[in-house]
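Asks: Prediction below, plus the sequence it came from.
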Amino acid sequence: MRACAFVVGPHDGPGAALAHLARGLGFAAVSPFASLAAAEAQAQQTPLLFFLFAAVDDVLGLKATADAVRFSPSRRIRFSPMVYFSESPSLDAIRTCVEMGFDDVITLPFTSHRVSGRLDRLVDHTQVYFETADYLGPDRGMRLTHGQRNGQYRRLEIMRTVLSGVSVMRDEMQVAV
């Protein structure tokens, strides 16, 4: 896959295992996440970036990095796929990731075939995203229940490809009533 995987998390344990898995999936580059500036520089070489988050004890500890990605001023970064690799199917952890705008949460087993299939769904298909003042991520239809019932939000249709990165196909303001 002509894309780069940034592994967010520790350099050992789950982070090292996730980096090893990503290398086996054929990413053009696999690097530990260091900064948004490094990600933006990498996007000049591989237009599509994936942010793969390794399992952690407290998923809320990922919020600062997830927010930095999702609310980056760079379209290449902000619409990049974010995937959390959870070692347990905790509903609270999954819900937290959904609320932070993750594209997917993958639980064990992390087989190459299974992970590859899940990541492939995030590329070469139109994705509908939803943006409010405090959320940007896949439109899961439930965001209006969090204080946005009478407000405006953006509905975006994006397409990710390994050749051109992220394209915004449609960007519309909507009013929730």
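Replies: Okay, I see it.

Asks: who touches the longest helix anywhere in the chain?
Replies: Looking across the chain with DSSP state H, the single longest helix is helix 14-24. Applying CB atoms under 8 Å, 6 or more residues apart in numbering, the contact partners of helix 14-24 are 5, 7-10, 30, 32, 50, 52, 54-56, 85, 87, 110, 112, 115. Heads up, the C-betas are built off the backbone N, CA and C, glycines and all.

Asks: any idea of the mean pLDDT in it?
Replies: Helix 14-24 shows a mean pLDDT of 97.

Asks: Go ahead and confirm Ser164 touches Pro47.
Replies: Yes - counting by CB atoms under 8 Å, Pro47 is a contact partner of Ser164 at 5.8 Å.

Asks: Compare the two and say which one has the larger neighbour count.
Replies: Just comparing Ser164 and Pro47: by other CB atoms under 10 Å the higher neighbour count belongs to Pro47, 18 against 10.

Asks: ok, now how distant is the nearest residue to the more buried one once chain neighbours are set aside from Glu40?
Replies: Closest residue to Pro47 apart from its sequence neighbours, by CB to CB, 6 or more residues apart in numbering: Gly165 at 3.2 Å. Gly165 is 11 Å from Glu40, where distance means CB to CB, to the nearest Å.

Asks: Now Asp139. Its backbone dihedrals?
Replies: phi -80, psi 110 (degrees, to the nearest 10).

Asks: ok, it - contacts?
Replies: Counting by CB under 8 Å, 6+ apart, Asp139 makes contact with Val128, Tyr129, Phe130, Arg155.
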